[in-house]
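Colleague: Pasting a predicted model and its sequence here:
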Amino acid sequence: MEARFRAPGLERVICQLQFPAILKISSAPPVAFQDSVRAEYPLFSEKPPLDIASGLPPQVAALMKGLPFNIPSTAYEFTSADQRWTLTLTRESLALTANRYERWESFKEHLHNAAQALIEHYAPAFFTRIGLRYRDIIRRSALGLAACAWKELLRPHIVGALGSPDVAEAVLRTGHEILIRLPDGLSHVLTHHGLIEDTETKEICYLIDADFFLDQSTETTDALKRLDFLNYNGRLFFRWCITDHLHEAMGPRPVHGH
């Protein structure tokens, strides 16, 4: 059962749908697409392509501009009035970012509306990659757990050297990468986790950044079903990373509870 947390550590959720390049998106401003999403995303900005030759000596810059690099295309950003939601459209992808994620049903509804606008106006042939990324930051102070060691909050297969009584207090930095095949045999999760420092409070926190993805051609009509699967495994994976003590401290409650 999906749960909401009184004190969630989930900082950001991003879904990206990649598709074969559609030159129409980068050849003209996405006016019709904006009209379809403007009620939800009234704020607009445009980010030009990266100039890889910028700042280089003239001879080197001239040489690089003649090489077949895969230069990022213009990115069009559509943001909600409260700045909680952002759509990013390029000629090869559509991404939805939630800065304050609450529940999957709400995220899925926003994504469905955006995907329908993409299909209506640009008709991608299929999706080449479907990704769902969760960025969790565990701040012990926010949970009343400042005195708890990381080994009390993270399971042994995650905590690593921070679980050692000999060196845990002396560990200043950790960084790990895990690539796991999911039960369907087709999807994967690539996770980076370790200690980070909060830039504002300077508190040492723990980051679990997990990218769940399906890296193969998918019919546009099947995308949401695939994302349901990735989301379900995302919940299981996070629970696999943390102990019962941390789970209870986060204040879980049923989605439909009060």
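Modeller: Arrived safely, thanks for sending. Numbering: from 1, shown residues only.
Colleague: For the rest of this, base every contact and every neighbour count on C-alpha atoms.
Modeller: Fine.
Colleague: Relative to residue 228, how far out is the residue nearest to residue 137 when sequence neighbours are not counted?
Modeller: Spatial nearest neighbour of residue 137, chain neighbours left out: residue 207 (4.6 Å); criterion: CA to CA, 6 or more residues apart in numbering. Here residue 207 is placed at a distance of 24 Å from residue 228 (CA to CA, to the nearest Å).
Colleague: Bridge partners for residue 197, pull those for me.
Modeller: residue 204 (DSSP bridges).
Colleague: How many neighbouring residues does it have?
Modeller: Neighbours of residue 197 under the rule other CA atoms under 10 Å: 14.
Colleague: thought it was touching residue 205?
Modeller: Yes - using CA atoms under 8 Å, residue 197 is in contact with residue 205, at 5.9 Å.
Colleague: Could I get the full set of strands for the stretch 101-250 of the chain?
Modeller: Assigned by DSSP state E, counting those that start in this stretch, the strands in the stretch 101-250 of the chain fall at 129-138, 176-181, 187-197, 204-214.
Colleague: In a markdown table: those, plus mean pLDDT and distance to residue 44.
Modeller: Converted to a markdown table, the strands of the stretch 101-250 of the chain look like this (pLDDT from 0 to 100; distance: least, CA to CA, whole Å):
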| stretch | mean pLDDT | distance to residue 44 |
| --- | --- | --- |
| strand 129-138 | 96 | 23 |
| strand 176-181 | 97 | 35 |
| strand 187-197 | 97 | 31 |
| strand 204-214 | 96 | 27 |
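Colleague: For residue 102, which of the ones you listed is the nearest?
Modeller: strand 129-138 (12.3 Å; CA to CA).
Colleague: bridging residues for the residue nearest to residue 208 when sequence neighbours are not counted?
Modeller: Of all residues not flanking residue 208 in the chain, residue 193 sits nearest, at 4.5 Å (CA to CA, 6+ apart). Beta-bridge partners recorded for residue 193 (DSSP bridges): residue 176, residue 208.
Colleague: Count the residues that sit near residue 193.
Modeller: 20.
Colleague: Repeat that for residue 26.
Modeller: Neighbour tally, residue 26, other CA under 10 Å: 17.
Colleague: can you start the count at 263 instead of 1 from here on
Modeller: In the new numbering, first residue 263, that becomes residue 288.
Colleague: Helix, strand, or coil at it?
Modeller: helix (DSSP: H, G, I helix; E, B strand; the rest coil).
Colleague: I figured residue 357 hits residue 281, correct?
Modeller: No - if you go by CA under 8 Å, residue 357 and residue 281 don't touch, sitting 11.4 Å apart.
Colleague: Show me which residues of stretch 468-475 are buried.
Modeller: Across stretch 468-475, burial judged by 16 or more other CA atoms under 10 Å covers 468-475.
Colleague: hmm, I was thinking of stretch 411-420
Modeller: For stretch 411-420, using 16+ other CA under 10 Å, the buried residues are 412-418, 420.
Colleague: what do you get for stretch 275-294?
Modeller: Here stretch 275-294 shows 275-281, 284, 287-288, 292 as buried, counting by 16+ other CA under 10 Å.
Colleague: before we move on, what about stretch 349-366?
Modeller: 349-360, 363-364.
Colleague: now stretch 375-392
Modeller: Applying a neighbour-count criterion of 16+ other CA under 10 Å, one finds 376-380, 384, 386, 388-392 buried in stretch 375-392.
Colleague: Format the strands of the stretch 363-512 of the chain as a markdown table; extra columns: distance to residue 370.
Modeller: Output for the strands of the stretch 363-512 of the chain, formatted as a markdown table (distance: least, CA to CA, whole Å):
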| stretch | distance to residue 370 |
| --- | --- |
| strand 391-400 | 11 |
| strand 438-443 | 23 |
| strand 449-459 | 19 |
| strand 466-476 | 15 |
